[in-house]
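Participant: could you work out the structure for the sequence below:
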Amino acid sequence: MFTVTFYSFKGGVGRTLAMMNTAYRLSQQGKTVFVLDFDLEAPGVDVFCNLREPTPGLLDCIGQYLESGSVPRLKDFVSEIPSNNAGKVLFMSAGRRDHDYQSLLAKLSWKDFYGRQQGFYFIENLKLAIQTIYNPEYLLVDSRTGFTDISGICTLQLPDLVVLLFGLNEQNLIGTAQIYRTIMRSPHGRSIQTLLVASPVPDVPSAMVGIKEERLRRARELLNSDPDLFLPYHQFVAFKETILPSEMGAYLNQAYNQLCERIVSCNKGDVSTLLEEARKAKDAGDSKQAQAIHLEILEGNPYSPQAWTEFGSFLRSAQKYDKALKAYHKAEEWKAPPSIYGDIAVTALYAKDLDKAKRYLSKYLKAGFDPALALQIGRAFVFHDQALPAIQVFKKIAAKDKEMGIVSFREIGNLYLRLGMPKKALTYYQKLLKKAPNDLLGVYGMGTTLSRIGKEPEAETQFRKAIELFERSETRSKLPGETASLLQGMSLAYAAVSNMGRAIALLNEGMSKSKSVKADVFSLLQYKNVSRQKFVQETRELLRRFMRQAPKRLGIHPAELIE
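Facilitator: Residues are numbered from 1 along each chain as shown. Here you go, the predicted model:
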């Protein structure tokens, strides 16, 4: 159990919010997290729990201990925060906060508690009981502000790591620096790690950049270190506490992700940290060492969905698809996040088990998928010539994420053209061009679609627009395969508007580009990936047809070339 205290010298810097966002993200990774609210004077963890009634907590537990002389049963003071995450968040609130709360708090003397009632051993017993009964990977402690007995317990007795959150004003910096120096000189004779987190840091106008830089210099002077992380100011959190990424700005969400990653990296016993060693060995080309590390991790963490998922990905990269599926199913058994369904679906594709691939794709799409990851899964189905399941994925993405609608509509249009269904393709190219009227491949796809359904004048208009977009901007990718594909398609657009010379030149250039390609190339004749050899073959045949027909006629339509 890795214990992390969240401390701030002053309030108002988002300490509890940062802690609860960390707890949420750790539980997303399948970890069990225990949250302990030690800020008895200003408790706040229970705000995030959405419980109908107040629950007894730490102060009640201490009160019963002082009254009876024996440690009460821990389970009577612990609740679970409802969540759909793969892991879980348990918490012990500060206390019930009823009419007896203030009275009990006023009577509690930490000096007497530690000096006469063996408070040190009570806290040690509490920590041991949490570990023994609930076995969480992380214990997160919300500490009281300022110089207090409680802050000493939370920053010196309990933690393996202290996350110090501070504003950049003078009061925050001076107080934080004093606590920071005390932690560095830990009187308990053990090393305590720290993370210095400046929060909240506003995005200041250019006229105030100098003030911000001056405050950062002052922080460096007092702390003898730069902040490890910055949490940006976001006005939404001034009105509502939230742990949901969809309710906060992208920059703040990213900053909380980074905070969580840094905390995990400080925990040398975390599966994620151990797996990083396996990834390094794999990246260095030492597959045997990487596999050995994976097996060692699994031996020590046989019920970790993350360890089984990463091992499955390692096996899949080694093209051991059947073994990868077994590892992924182990991760599924131990309640891995819903993304495991996507991993299984893609791996089943490579294993040529199409029924399983489709079955798990359906599970993935019903489980609250991530649109960016779903896009890659959809493209994997495209790559394996599974157009209809891929269309299902892209439609779901477009319905869930408006920003990704442009990419999804283009993919769907392309797939319907591949299937020989131009009337259905037309609907999605129209949706695409409504959102992005100057999308080159969208305009070109619309031209091809109109040509295939016999609307030649409208098709020519689209091809002329595609040519205009192609000529007026830098459109070629750094990847030769993508450039070759675009040149092939644009040659058809030029041919459609009777510029056969330019069409022939682009085909020659496209074939030249494709010579350095080792992977498949997307064919805009077939709207599918084909081998480089096949791409060169079909492009060369198209070139011959252009050269035969160029002297005879002024124009040629794409639909006539791919019959």
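Participant: can you list the low-confidence ranges for the chain?
Facilitator: Residue ranges of the chain with pLDDT under 70: 51-52, 187-189, 473-478, 550-563.
Participant: what residues are up against residue 220?
Facilitator: By C-beta atoms under 8 Å, 6 or more residues apart in numbering, the contact list for residue 220 reads residue 226. In this view, the C-beta of every residue, glycine as well, is placed from N, C-alpha and C.
Participant: so it sits in a helix?
Facilitator: Yes: secondary structure of residue 220 (DSSP: H, G, I helix; E, B strand; the rest coil): part of a helix.
Participant: would you check how far apart it and residue 254 are?
Facilitator: Taking C-beta to C-beta, to the nearest Å as the measure, residue 220 falls 24 Å from residue 254.
Participant: just the C-alphas of stretch 458-470, formatted as CSV.
Facilitator: The C-alpha trace of stretch 458-470 is given here as CSV (Å, rounded to 0.1, in the frame of the first residue of the first chain):
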residue,chain,number,x,y,z
GLU,A,458,-22.2,17.8,-60.4
ALA,A,459,-19.3,15.4,-60.2
GLU,A,460,-17.2,17.6,-62.5
THR,A,461,-17.9,20.6,-60.2
GLN,A,462,-16.6,18.7,-57.2
PHE,A,463,-13.5,17.5,-59.1
ARG,A,464,-12.7,21.1,-60.1
LYS,A,465,-13.0,22.1,-56.4
ALA,A,466,-10.8,19.3,-55.4
ILE,A,467,-8.2,20.3,-57.9
GLU,A,468,-8.4,23.9,-56.6
LEU,A,469,-7.8,22.7,-53.1
PHE,A,470,-5.0,20.5,-54.2
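Participant: report the buried residues of that stretch.
Facilitator: 459, 460, 461, 462, 463, 464, 465, 466, 467, 469, 470 (16 or more other C-beta atoms under 10 Å).
Participant: any chance of the residues you listed in a markdown table, plus secondary structure?
Facilitator: What follows is those, written out as a markdown table (three-state DSSP):
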| residue | secondary structure |
| --- | --- |
| 459 | helix |
| 460 | helix |
| 461 | helix |
| 462 | helix |
| 463 | helix |
| 464 | helix |
| 465 | helix |
| 466 | helix |
| 467 | helix |
| 469 | helix |
| 470 | helix |
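Participant: helices or strands next to whichever strand or helix holds residue 313 in the packing?
Facilitator: Per DSSP states H and E, residue 313 falls inside helix 305-317. Helices and strands touching helix 305-317, by 3 or more C-beta pairs under 8 Å, 6 or more residues apart in numbering; DSSP states H and E, are helix 271-283, helix 287-300, helix 321-333, helix 339-350.
Participant: just the helices in the stretch 401-550 of the chain please.
Facilitator: Shown for the stretch 401-550 of the chain, the helices assigned by DSSP state H, counting those that start in this stretch span residues 405-418, 422-435, 440-452, 456-472, 480-496, 500-514, 532-549.
Participant: okay, those helices in JSON lines with distance to residue 301 next?
Facilitator: Output for those, formatted as JSON lines (distance: least, C-beta to C-beta, whole Å):
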{"stretch": "helix 405-418", "distance to residue 301": "37"}
{"stretch": "helix 422-435", "distance to residue 301": "45"}
{"stretch": "helix 440-452", "distance to residue 301": "45"}
{"stretch": "helix 456-472", "distance to residue 301": "53"}
{"stretch": "helix 480-496", "distance to residue 301": "40"}
{"stretch": "helix 500-514", "distance to residue 301": "47"}
{"stretch": "helix 532-549", "distance to residue 301": "43"}
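Participant: minimum distance to residue 79: which of these has it?
Facilitator: Nearest to residue 79, of all those, is helix 405-418, at 40.7 Å by C-beta to C-beta.
Participant: counting by contacts, list what the closest one packs against.
Facilitator: helix 371-383, helix 387-400, helix 422-435, helix 440-452.
Participant: which residues touch it?
Facilitator: For helix 405-418, the surrounding residues in contact (C-beta under 8 Å, 6+ apart) are 375, 378-379, 382, 387, 390-391, 394-395, 397-398, 422, 424-426, 428-429, 431-432, 435-436, 439, 441-442, 445, 448-449, 452, 526-528.
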